[in-house]
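>>> generate coordinates for the sequence data below:
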Amino acid sequence: QVQLAESGGGLVQPGGSLRLSCAASGFSLNYYAIGWFRQAPGKEREGVSCINSYDRATDYADSVKGRFTISRDNAKNTVYLQMNSLKPEDTAVYYCAWGSRCPIRGYDSWGQGTQVTVSS
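Residues are numbered from 1 along each chain as shown. All right, here's what the predicted structure looks like:
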């Protein structure tokens, strides 16, 4: 079964860090772009970051530039999102998605996501 599984979320204080993981099963991530998205309570899902497969080019939402870093380890079939200097407004459920290239559009196979809560 082809699926992505998110993990690594948790409760962290403002200014803290977390590293999210997006692990693939049933297929290889090597040939696909992977994007991270998030959805806060009462808000639409939004794109956070994306990384292409062929050139590993990355893209970030303005709200996370300079704080978040996306990376991929094809050997582990996993994509990571390193989140530093976290703010309360980063609180959301984070999801990953795959596609042919960044930005990923029209994805409809969302997983469970991983909850990130930034609070003192």
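
>>> which residues touch Gln112?
By CB atoms under 8 Å, 6 or more residues apart in numbering, the contact set of Gln112 is 5-6. Every C-beta, even on glycine, is put in place using the N, C-alpha and C of the backbone.

>>> number of residues surrounding Ser17?
Around Ser17 there are 11 other residues, counting by other CB atoms under 10 Å.

>>> cool, and Val93?
Residues near Val93, counting by other CB under 10 Å, number 19.

>>> bridged to it, which residues?
Gln39, Gln115 (DSSP bridges).

>>> surely it touches Lys43?
No. Val93 lies out of contact with Lys43 (CB atoms under 8 Å); the separation is 10.6 Å.

>>> mind listing the helices for the chain?
Along the chain, no segments are classed as helices by DSSP state H.

>>> just want the most central residue of this protein.
Geometric centre of the chain, nearest residue: Trp36, 2.7 Å, by CA atoms, centre = their mean.

>>> can you tell me how far that residue sits from Ser120?
24 Å (CB to CB, to the nearest Å).

>>> same thing with Val2?
39 Å.

>>> cool, and Met83?
Distance from Met83 to Ser120, counting by CB to CB: 17 Å.
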